[in-house]
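Trainee: Predicted model and sequence below, questions to follow.
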Amino acid sequence: MTSGNLLTDNPALYEARFPDPGRLAARWTEDCLRRHGAGRRVLDMGCGTGRDAAALHTAGRTVTGADLSEAMLTHARARHPGPQYVRADLHGFDLGSFDAVVCLDSSLLYCHTNDQLDGFLASCRKALAPGGLLVAEMRNGAYFLGRTDLLDRPAVDEFAWQGRTYRSTTTLTVDRTAQLLRRTRVWTTDDGSPPTEQCSAWRLLFPQELRHLLAAHGFEVLELHDGPGPRTEPPWRQGELPGTTTDADRLHVVARLCTL
Ligand SMILES: C[S@@+](CC[C@H](N)C(=O)[O-])C[C@H]1O[C@@H](n2cnc3c(N)ncnc32)[C@H](O)[C@@H]1O
């Protein structure tokens with residue numbers, strides 16, 4: 001068994017495993033930015049393969065994509081040109097001035113500790129022009145209160161890519177002390193390579209905790225809801241307005257930096 005992160009080390013495989021051919025995540029983000037009148041300059045923190053950053057660029061935004069993974073950044077520069085791509089850490093960054101910071105598909109939950117969350121929000125506050133927006137989309141920690149459906153048994157998944165079959169077995173556990181959702185994923189392929197084990201974790205962030213943190217960092221919450229969004233079932237469709245509950249497994253937030 002080897003360790004590593006098969007998907008973030010192989011961005012092309014990541015895109016094959018999680019396709020978004022209609023760029024729904026970027027269209028949902030653009031809709032949030034437009035509805036709240038955001039200016040052009042957007043920072044996509046935890047931009048991954050760069051596909052959302054590039055779609056926002058195509059929509060007319062001036063985009064910077066930032067990620068910690070060099071493999072992701074190399075892929076983004078080659079395959080999703082347009083934005084500027086830079087290496088930066090969510091936990092603390094200084095990348096210039098923006099009208100919006102976006103943070104999609106649970107990237108924000110790589111802030112595991114309170115200090116890291118404070119570091120992220122303090123950096124957003126410094127990065128944003130007065131009245132700037134934070135738009136984020138992630139797992140909802142509250143979903144796990146009283147529900148065990150995602151924890152009861154490993155999830156097994158199989159998909160084919162470039163002539164190989166990849167099989168993953170994913171186990172999720174709740175670490176109540178650290179308030180993290182821990183994930184162990186074992187990958188096997190049919191080409192004889194040894195299995196790869198990948199361990200990662202997301203902060204279990206609760207809606208009212210997020211509301212409180214945002215207020216403490218000078219943000220006014222404009223929207224906080226469980227859908228519709230780009231990764232809800234059914235997914236968001238153009239023109240649909242945000243809901244008002246925070247019960248289901250995805251959490252969406254739009255917050256504005258208050259002007260003094
Ligand atoms: C689940 S992916 C989401 C990527 C992209 N936002 C999307 O929606 O496809 C999470 C991304 O966060 C990045 N990441 C994890 N920890 C980070 C950190 N501390 N600072 C910056 N990026 C980080 C990973 O490299 C990965 O690209």
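Mentor: The structure has been received and is ready for your questions. Numbers count the residues shown, from 1 in each chain.
Trainee: Compute the first-to-last residue distance for stretch 149-156.
Mentor: 14 Å (C-alpha to C-alpha, to the nearest Å).
Trainee: Which residues does that stretch contact?
Mentor: Stretch 149-156 is contacted by residues 143-144, 167-174, 249 when judged by C-beta atoms under 8 Å, 6 or more residues apart in numbering. Glycine gets a C-beta too; all of them are placed from N, C-alpha and C.
Trainee: And that stretch, how far out from the chain middle?
Mentor: How far stretch 149-156 lies from its chain's middle: 22 Å, per C-alpha atoms, centre = their mean, to the nearest Å.
Trainee: pLDDT averaged over that stretch - what is it?
Mentor: Mean per-residue pLDDT for stretch 149-156: 96.
Trainee: Stretch 64-80 too?
Mentor: For stretch 64-80, mean pLDDT is 97.
Trainee: Say whether the ligand is contacted by it.
Mentor: Yes - counting by C-beta under 6 Å from any ligand atom, the ligand has neighbours in stretch 64-80: 67-69, 72.
Trainee: The closest residue to A160 other than its chain neighbours - how many residues pack around it?
Mentor: In this structure, A160 finds its nearest non-sequential neighbour in Y166, 7.5 Å apart by C-beta to C-beta, 6 or more residues apart in numbering. By other C-beta atoms under 10 Å, the residues close to Y166 number 21.
Trainee: Can I take it that Y166 is in a strand?
Mentor: Yes - according to DSSP: H, G, I helix; E, B strand; the rest coil, Y166 belongs to a strand.
Trainee: pretty sure it is touching T189, no?
Mentor: Yes - look at Y166 against T189 with C-beta atoms under 8 Å: they come within range, at 5.5 Å.
Trainee: What residues of stretch 235-250 count as buried?
Mentor: Under the neighbour-count criterion of 16 or more other C-beta atoms under 10 Å, stretch 235-250 has 236, 242-243, 246, 248-250 buried.
Trainee: Check what pLDDT the closest residue to D115 other than its chain neighbours gets.
Mentor: Nearest non-adjacent residue to D115, counting by C-beta to C-beta, 6+ apart: H91, 7.9 Å away. On pLDDT, H91 comes in at 98.
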